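J.: only the shape, not the letters, is given here:
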C-alpha cells in the first residue's frame, strides 16, 4: 500500500474515532455513566482528528456550551488544517 493510501486510511480512522468518541461521551452523559475526559476528546482532535471531533461536537450537540473547550477544539481544527495543507503542498511540490 502506498504512503498516500496509508495516510488516507489513518486520517479516516482517526476522524471516525474522534466523531464516535463525541457521540459515545454524549450517550454516557445522558445515562449518568462514567465519561470520556475532555482531555481525551481534545487528544482525538489534536492528533489529526479535528474534522471528526468538530463534526461530532455539532452532530451530537456535545460540549457546545463550554467556551474554553470549544476554543481548544477550534484551535486543534485549525492546527489540523495547517498540517494537512502543508503535507499536501509538499506532496504536490514533489510531483512537479
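T.: Thanks, I have the structure now. Owing to the predicted nature of the structure, the values given are computational and were not obtained by experimental measurement.

J.: distance check, residue 64 against residue 82.
T.: 24 Å (Cβ to Cβ, to the nearest Å). To be clear about C-beta, it is placed using only N, CA and C from the backbone, and glycine gets the same treatment.

J.: equivalent analysis for residue 91, please.
T.: Using Cβ to Cβ, we find residue 91 at a distance of 15 Å from residue 82.

J.: the helices in this protein, which residues?
T.: With helices called from DSSP state H, the chain shows them at 3-30, 38-44, 50-59, 67-95.

J.: deepest of those helices, which one?
T.: Of these, the one with the most neighbours on average (mean count of other Cβ atoms under 10 Å) is helix 50-59, at a mean of 21.

J.: I'd say residue 18 and residue 46 touch.
T.: No. Assessed by Cβ atoms under 8 Å, residue 18 is found out of contact with residue 46, at 9.6 Å.

J.: tell me the pLDDT of residue 1.
T.: Here the pLDDT value assigned to residue 1 is 64.

J.: let me fix that: residue 95
T.: 71.

J.: renumber starting at 52 from here on
T.: From this message on, residue numbering opens at 52, which makes the last subject residue 146.
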